[in-house]
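>>> sequence unavailable; structure follows:
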């Protein structure tokens, strides 16, 4: 199975109550190889919720206890994102998932870039908390921006082969 950020599959779980529907992923979802995940919802955060950003680092630093996540009101939400990331990892382990396709820019799911922590719209290189945890545990993690028809065909074919082993 392949983990996919729920917002990319049309689920209205984004911080503002919207979705980030990706038509290509939505089309391939019909093949039954995806598991929709949202670490922030799995951590019992509400929808909608205030935007959150990692301060003083990236998801890797949050995992090491050297950075924290706060919402725009100043509330520390670090433990929520850690809880959500842990639940996603447990799902990956339960389904023997080896690949995830996550929403770029998110403090949980960002793969290559996340917001810089100042709520000014600027992004920095780095992963969100869940993406960093999945990578740390050996999953290959893609952003929706990395996905093409060819890549999806390869990932799904490999996933099917893995199930038969």
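Structure received. Keep in mind the model is a prediction, meaning the values are calculated, not measured.
>>> buried residues in stretch 69-77?
69, 70, 71, 77 (16 or more other CB atoms under 10 Å). Placement of C-beta: from N, CA and C, glycine included.
>>> ok, now stretch 144-159?
Buried-residue list, stretch 144-159, by 16+ other CB under 10 Å: 144, 147, 152, 155, 156, 159.
>>> show me which of those is closest to residue 41.
In terms of CB to CB, no member of these lies closer to residue 41 than residue 144, at 17.8 Å.
>>> who are the contact partners of the closest one?
Taking CB atoms under 8 Å, 6 or more residues apart in numbering as the criterion, residue 144 is in contact with 5, 8, 20, 22, 25, 101, 102, 103, 104.
>>> quick one: the helices in this protein?
Using DSSP state H, the helices of the chain run over 23-29, 39-42, 59-63, 78-94, 129-136, 149-164.
>>> look at residue 26 and report its pLDDT.
As predicted, residue 26 sits at a pLDDT of 95.
>>> surely it meets residue 7?
No - Residue 26 is not in contact with residue 7 according to CB atoms under 8 Å; the separation is 11.3 Å.
>>> comparing those two, which residue is more hemmed in?
Each of residue 26 and residue 7 has its neighbours counted (other CB atoms under 10 Å); residue 7 has more, 26 against 15.
>>> separation between the more buried one and residue 137?
Residue 7 sits at a distance of 22 Å from residue 137 (criterion: CB to CB, to the nearest Å).
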